[in-house]
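K.L.:
Quick one, fold the following:
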Amino acid sequence: MTTTLRSDARRSIEKITAAAVELFAEQGLDCPLEEIARRAGVSPGTIYHRFGGRAGLVDAVAPQVAAEKVNAVIDAAEGGETAWGRFTAYVEGLSMLGSSDAVLREALTGRSEPAPSVHEVCRQGLERGFRLIEEARRDGALRADFGPDDLHPLLLAMIGVAHAAPAARRRMLGFTLDGLRGQRRE
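P.N.:
Below is the predicted model:
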């Protein structure tokens with residue numbers, strides 16, 4: 001038997017979801033539920049009633065938001081004209097996204113245990129990056145000794161720099177990418 005939610009219950013869920021998306025992106029996954037409830041205009045008990053608590057709320061909102069953001073960055077990178085351009089756009093885009101989005105930063109850096117579905121979004125994003133690595137290596141634009149096992153540490157380093165020292169981000173990214181260039185320069 002399927003239960004249909006009343007319209008006011010559906011509106012509450014929508015408001016909670018919207019507030020959680022905003023606040024998790026701004027403050028991270030440990031944002032107080034009371035603040036989410038306040039922004040949504042509901043009582044904290046409504047969050048527990050509808051989502052069972054923080055874990056249920058994170059599971060409900062984070063995967064969709066993470067997938068949309070990660071896929072938008074990677075789609076844009078994959079549209080680049082050259083293999084090197086696609087690889088560098090991928091690294092730069094995910095570095096910026098990871099530094100500016102608290103949920104993704106926490107998931108990518110392991111600061112908190114992401115919901116399995118957020119972890120899956122990150123895994124799929126890395127797999128798409130593996131293909132870009134292979135293309136750039138095959139083209140000779142990326143060092144032959146840089147491989148898939150190096151991608152996650154590279155992203156962690158770039159996210160850390162972008163988050164901790166935003167003014168130095170572009171310069172450090174440039175130094176790092178220059179060190180990764182292969183014999184064939186585009």
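K.L.:
Which elements pack onto the host helix or strand of E127?
P.N.:
Element membership of E127 [criterion: DSSP states H and E] is helix 116-139. Packing contacts for helix 116-139, counted by 3 or more CB pairs under 8 Å, 6 or more residues apart in numbering; DSSP states H and E, involve helix 54-78, helix 83-100, helix 102-109, helix 148-164. In short, each C-beta sits where N, CA and C put it, glycine included.
K.L.:
Which one, of those, ends up nearest to L142?
P.N.:
Proximity to L142, assessed across the helices and strands packed on helix 116-139 by CB to CB, is greatest for helix 83-100 (6.0 Å).
K.L.:
angle of the closest one against helix 54-78?
P.N.:
150 degrees (axes from the mean of the first three to the mean of the last three CA atoms, to 10 degrees).
K.L.:
Next, the angle from helix 83-100 to helix 148-164.
P.N.:
Using the same axes, to 10 degrees: helix 83-100 against helix 148-164 is 50 degrees.
K.L.:
packing partners for helix 83-100?
P.N.:
helix 54-78, helix 102-109, helix 116-139, helix 148-164, helix 169-180.
K.L.:
Out of the ones you listed, which is the most enclosed?
P.N.:
Among the helices and strands packed on helix 83-100, ranked by average contacts under mean count of other CB atoms under 10 Å, first place goes to helix 102-109 (a mean of 22).
K.L.:
quick one: low-confidence ranges for this structure?
P.N.:
1-5, 102-103, 106-115, 184-186 (pLDDT under 70).
K.L.:
cutoff 80 now
P.N.:
Along the chain, segments meeting pLDDT under 80 span 1-5, 25-29, 62-66, 98-119, 163, 183-186.
K.L.:
How about the residue nearest the centre of the chain: what's its closest non-neighbour residue?
P.N.:
Among the residues of the chain, the one closest to the centroid is L104, at 3.5 Å (CA atoms, centre = their mean). Nearest residue to L104, sequence neighbours excluded (CB to CB, 6 or more residues apart in numbering): G98, at 5.3 Å.
K.L.:
That neighbour and L155 touch, don't they?
P.N.:
Yes: in this structure, G98 is within contact of L155 by CB atoms under 8 Å, at 6.6 Å.
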